[in-house]
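# need the 3D shape of this:
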Amino acid sequence: MVDHLAAPTPLEEHRRLAVFAGEWTGEEMVYPSRWTAGGPATSHVVARMDLNGFYLIQDTRQTRDGKEAFATHGVFTYDRDDRTYKLFWHDSLGYYSPAPASGGWAGKSLVLVRGSLRGNARHVYEVVDNDNYTMKIQFSPDAEGWADVLTGVYRRIH
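A predicted model of the protein is given here:
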């Protein structure tokens, strides 16, 4: 008799990421930085649970002054080995981190931090309700004092 190992199935931690799945419209504030001038922006976000429910795949297109200004591709998952959430982040500035952002839930907020040679970035996604969430990306040279880079409020498109 051959014993077949059962394929892993997503955990509740993976399923919890589905709160961000869907199509969203965002009102954002971009803060002045060495990469860009500050100002208001809008974003269109499309996110889906995929790959047997282990990943949330999120694509964002940001518009400023009537043209696309920034785009991101994020892959979120839960690492069952170290029991933290991971965010693999790619953007239209061409930056990528040597390691994913890592973190977890604090109440209704998913907080993920990544470091690179340029400094540290913190992503905070807060669930308001089933149809709304907020997000902020912050930067810190030393992972202690955090400055907002981008903040947004996102509404589900029905």
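# and the helix or strand bottoming out on mean pLDDT in the chain, which residues are buried?
Averaged element by element with mean pLDDT, DSSP states H and E, the chain has its least confident helix or strand at strand 109-116 (a mean of 92). For strand 109-116, burial by neighbour count (16 or more other C-beta atoms under 10 Å) applies to 109-114. Quick note: C-beta positions are derived from backbone N, CA and C, even for glycine.
# which of those residues sits closest to His44?
Each of the buried residues of strand 109-116 was scored against His44 by C-beta to C-beta, and Leu110 proved nearest at 20.7 Å.
# just the helices in the chain please.
12-16 (DSSP state H).
# below-threshold pLDDT in it: ranges please.
Along the chain, segments meeting pLDDT under 70 span 1-4.
# go with 50
Applying pLDDT under 50 to the predicted model, the chain contains no residue that meets it.
# could I get the full set of strands for it?
Secondary structure of the chain (DSSP state E): strands located at 22-30, 39-50, 55-64, 67-79, 84-91, 101-106, 109-116, 119-129, 132-140, 147-156.
# so for Pro8, which of those sits nearest?
Checking the strands of the chain against Pro8 by C-beta to C-beta gives strand 67-79 as the closest, at 11.6 Å.
# may I see the buried residues of the closest one?
Buried positions in strand 67-79, judged by neighbour count with 16+ other C-beta under 10 Å: 69-70, 72, 74-78.
# packing partners of the least confident helix or strand of the chain?
With contacts defined as 3 or more C-beta pairs under 8 Å, 6 or more residues apart in numbering; DSSP states H and E, strand 109-116 has these neighbours: strand 84-91, strand 101-106, strand 119-129.
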